[in-house]
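J.: Predicted model and sequence below, questions to follow.
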Amino acid sequence: MDEAVIVGADIVAGHDGSAELVVRLLHPDGSEHPVLLDEDTGLKLMEACGASSLEDLYGQSWRLIMPQG
Amino acid sequence: MFDVIVKDGLVVDGSGAPGFRGDVAIKDGRIAAVGKVDGEARTVVDAAGRVVAPGFIDPHTHFDVQLLWDGAAKPALEHGITCVVPGNCSLSLAPLKASDRRAVVGMFQQIEEMPPEAFTTAFEWTWEDFAGYRAAIEKNLSINVAPLVGHSVIRLWVMGPASQERAATPEEIAAMQDLLRQCLDAGAVGLSTSFVDLDEHGRPVPSRFAQFEELDALAAVLGEYGRMLQVVPEFYATDITIARIDQLAELSLKHNIPTTFSPLFDTLAVPDNAERAIARVEEQFARGARVWPQMQTRPIDISFSLLRPSLFFARLPRWVRILRQPLEQRLAALRDPETVEKMIADCGPDGGEAMMGRLVARGGDACPADLAGKTLSEIAKARGQVPARALIDLSLENGLDVAFLSASQGHQSTDRIGPMLANPLVHIGASDGGAHLASFSTYGDTGYLFSEFVRKAGAMSLEKAVAKITGETADIWGLKDRGRLRPGLAADVVVFDADTIDRCEEEPAFDMPGDGMRYVRAARGIDTVLVNGEVAYRSGAYTDSRSGVVCV
Amino acid sequence: MTLSRQRRFVTPGPDETVEQLAARALPDEPLESAVDRIKSWNLHVFAMRRPPGLMLGSDVIFVEPPIGHG
C-alpha cells in the first residue's frame, strides 16, 4: 500500500441533525484516523466509488474523497 | 419585611454541598438570608417537597435575535434557566453597521434557521454599537443575559467585505482590539470565534480568515478584562480538537483568560474522541491553562425527508441512487410500482420494520397533523402497509415534504456520557438554544440532565448536577453575582420537583415572527422561577415581570 | 507537567498556497509528493472546502500522519 485508503465507514449524526459520514483512513505508515465528511461529500464519495454499501468504500483511495473533476 | 421567602424547601445552594431543609429570603432583588428564616414577606413561595436551587445558566445559546421581541427567551426560562449566554460561534448582532446587516442576517439564518420576518418585522434596528444592542434588549428582559461579542462581526465592522477574503493588516488588528474593548466596556462577557461555520452562500464566516496572530491580539484584550474566549471547533475530528485545545491553552496561559470550546460530542463511530479530548484538557489544566470543553446532555437525532438525498439511506444503495435524481425523475421512480417493489425488498423481509419502524413522522412541515409524532411502524400498521412502503406513499401524498426523525443517533450513550459530564473539568452546556429552529428542539437539556443522568443513571448527585449548571458555570464565566444561593448575591432561584423535572416531548410551535415554525420542548417539574428576586414563571405560566438584566 | 506528544500542525500564512505550505513543512521531499501527503493528512480542509483548495488562516494543517494512541 503506497497511499492512504479507507478502512472503515460509519454514519454519524451531525450537530445540525443531518446524517454525516465518518471514514477511517489507513496511511502507508500504518497510522489511522477518522475524517468527518458532510452529507454532500459523503454521497459524492459513494457515487465516485460506485459504492452500493458502506463496506464497498473499504480499500478505496483517499483521492476519491477529494473534489472530482 | 422581605420581598419574597421561598419556604421550607430542600435548599441545594449551587456549591455542590449536601442539600438541607430551609428557606431563602429575598430583599431588593438579592438573597437576604438562607436557612431557617423568621420574618414576613410580601410573597411566600411554598417549596415543601421541592428543591430550591440557584437559577440555571445556559452558556451556549443563539438567542441574540429572539431577545429583541421575547425577553424570556422562551421556553428557556420555564426550564429554570435564569441566565443565557448569546453571541456564540463568532456571531452577535453588534457591533454591526447598518450597511452590513444583510450579510450578518444571512449568517444568522444559516445557524438559527429563523424566518426572514424575524429580521424585518419583529423589531426595529436602532443600534450599531454594542451598547446600543444592549439598550435594545434591556428594555424587555425577564431573563438575564450575559452576551458574548462575535469575532466575525468585529472583523466585518473593521474590514468590510475583505473580512471574508484575507488576513488583517496590523492596523486592522489594532482597530479590532479597540472595538473589542468598547464591547467589553459595554457589557460583553467575552469574545466568540468559529473554525467551522459557513454563511448562507457556503462561504466560511469572517472569523475563519483570521491568522492566529489576530486571535492572539484579541485574546490580549480579553486578558485586560479577564474575559472568556469561546470557540466552536471541528466535530468528531479528535486530532483537530486537540490542536484547538492546545491553541486555546496557549492563549489562556499567555493572557490569563478562561477559554471554552463547544460542543464536544461522544460518538460510537469514533469511540475515543471525547475521551482523548478530555485527557488533553486535563493535561492543559495541569499546566495552569483554562480550557473548558462544553458537553451537551441531550443525544443528537437525525432527520430527513425524501426531498433530498440523505446518508440515512447509505446502506440502501438503490434508495440513494433514486433520491439523488432530480425531483421529476425522483418522483417518477417513487411512483413506479416495479421500482418501489425493489426498494421495499432492499429493506429486508420485514419490509423495513427493523430498519425504519422506529422513525417518527415529524409535525411542522407537510406531515398530516394526525400522523405527527407517530412511529412509521404505527402509521404503516394503520395503513395496512409495511414501513418502507408507508414511508414512500406518505411522502408522495405530501409533496415529499414529510420529515422523519431517527432519534438518538449520536451522543446517545448515557453510560459513556454520564461519567464525562461528571468530570470536574467538563462544562455542561452547548445547548445551542435559539438555533437550528426548524430542525430540532434545543431546549430542556437541563431537565434531561436530571431525568437521565441523576435519576436514571445515577451518574451524579442532585447537588453535583445543580452545581454544574449554576455555581460552577458562574465561576467559569466570571459571573460573580450569580450561581449560588448565598446572601448578597442576585436572587435567581428555581423551585423544582427532583422526582419529575424533565423535558417534555419535542413538538412544533408556530410562534416565530411571520408564523414561522420551530421545534420546542416544554418543561416538566418546574414550579417557580425567580429572576433578580421577582417571580418570572410560576405554575406553568409566565408573569409580567421584566426583572432580567444584562449581567457581567 | 509535560504534555503528551500530539500530532504536529501548522497554520497557513496569509495567501499561502498548498504548494508553499508543503515546501515549508516537508522541505526534504519532492514537491509533488509533499503536496500529496499534506492533502491526504488534511482532508478536513481539502475535501470539502469551497472553492476547492482554499486554505484559511485559522485552519489546522497537519504536517505528519496520525500518531498512535493508547
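T.: On my side now, so go ahead. Fair warning: this is a prediction, and the values are worked out from it, not measured in the lab. Residues are numbered from 1 along each chain as shown, chains lettered A, B, ... in the order given.

J.: What helices and strands are in contact with the helix or strand hosting B:Ile57?
T.: B:Ile57 is part of strand B:56-58 when elements are defined by DSSP states H and E. Applying 3 or more CB pairs under 8 Å, 6 or more residues apart in numbering or on different chains; DSSP states H and E, we find strand B:56-58 packed against strand B:81-84, helix B:445-448, helix B:471-477. Every residue, glycine included, has its C-beta placed from N, CA and C.

J.: Pipe the ones you listed into CSV and attach distance to chain A and mean neighbour count per row.
T.: Below are those laid out as CSV (distance: least, CB to the nearest CB, whole Å; neighbours: other CB atoms under 10 Å in any protein chain shown):
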stretch, distance to chain A, mean neighbour count
strand B:81-84, 19, 31
helix B:445-448, 14, 26
helix B:471-477, 21, 23
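
J.: Need the ones you listed in CSV (columns: distance to B:Val552).
T.: Listed next are the helices and strands packed on strand B:56-58 as CSV, based on distance: least, CB to CB, whole Å:
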stretch, distance to B:Val552
strand B:81-84, 11
helix B:445-448, 22
helix B:471-477, 10
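
J.: how about those in a markdown table, adding distance to chain C?
T.: Listed next are the helices and strands packed on strand B:56-58 as a markdown table, based on distance: least, CB to the nearest CB, whole Å:
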| stretch | distance to chain C |
| --- | --- |
| strand B:81-84 | 27 |
| helix B:445-448 | 27 |
| helix B:471-477 | 21 |
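
J.: just to revisit the earlier point, what distance separates the strand holding B:Ile57 from the centre of its chain?
T.: 11 Å (CA atoms, centre = their mean, to the nearest Å).

J.: swap in stretch B:44-64?
T.: For stretch B:44-64, the distance to the chain centre is 16 Å (CA atoms, centre = their mean).

J.: ok, back up a step: can you list the helices and strands packed on strand B:56-58 in TSV and add mean pLDDT?
T.: Output for these, formatted as TSV (pLDDT from 0 to 100):
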stretch	mean pLDDT
strand B:81-84	98
helix B:445-448	98
helix B:471-477	98
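
J.: Would you tell me which residues of chain B are close to chain A?
T.: B:234-239, B:263, B:265, B:267, B:269-270, B:273, B:300-304, B:309-312, B:314-315, B:317, B:320, B:324, B:409-411, B:432, B:436, B:439-440 (CB under 8 Å from any CB of the partner chain).

J.: Of these, which ones also sit close to chain C?
T.: Answer for the residues of chain B next to chain A near chain C (CB under 8 Å from any CB): B:Glu234, B:Ala237, B:Asp239.

J.: Rebuild those residues as CSV, extending it with pLDDT and distance to B:Thr169.
T.: Output for these, formatted as CSV (pLDDT from 0 to 100; distance: CB to CB, whole Å):
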residue, pLDDT, distance to B:Thr169
B:Glu234, 91, 28
B:Ala237, 90, 31
B:Asp239, 96, 32
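
J.: Dump the residues you listed into CSV; add neighbour count and secondary structure as well.
T.: Below are those laid out as CSV (neighbours: other CB atoms under 10 Å in any protein chain shown; DSSP: H, G, I helix; E, B strand; the rest coil):
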residue, neighbour count, secondary structure
B:Glu234, 18, coil
B:Ala237, 22, coil
B:Asp239, 22, helix
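
J.: Distance from the chain centre to the longest helix seen in chain C, please.
T.: Assignment by DSSP state H gives helix C:31-41 as the longest helix of chain C. The chain centre lies 8 Å from the centre of helix C:31-41; the measure is CA atoms, centre = their mean.

J.: For chain A, which residue occupies the most central location?
T.: A:Val23 (4.0 Å; CA atoms, centre = their mean).

J.: So that residue sits against A:Leu57, correct?
T.: Yes. Counting by CB atoms under 8 Å, A:Val23 does reach A:Leu57; the two are 6.5 Å apart.

J.: Find residues that contact each of those two.
T.: A:Ile6, A:Ala9, A:Leu45 (CB atoms under 8 Å, 6 or more residues apart in numbering or on different chains).

J.: so how far does stretch B:255-273 reach from one end to the other?
T.: Length of stretch B:255-273, first residue to last, CA to CA, to the nearest Å: 28 Å.

J.: avg pLDDT for it?
T.: On average, the pLDDT along stretch B:255-273 is 94.

J.: Straight-line length of stretch B:381-390, end to end?
T.: First-to-last residue span, stretch B:381-390, CA to CA: 9 Å.

J.: quick revisit: among the residues of chain B next to chain A, name the ones in helices.
T.: B:Thr238, B:Asp239, B:Asn273, B:Pro317, B:Val320.

J.: OK, contacts around B:Lys27?
T.: B:Phe2, B:Asp3, B:Gly533.

J.: from those residues, which single one is nearest chain C?
T.: B:Gly533 (43.1 Å; CB to the nearest CB).

J.: Run through the helices of chain A in chain order.
T.: Using DSSP H, helices in chain A cover A:39-48.
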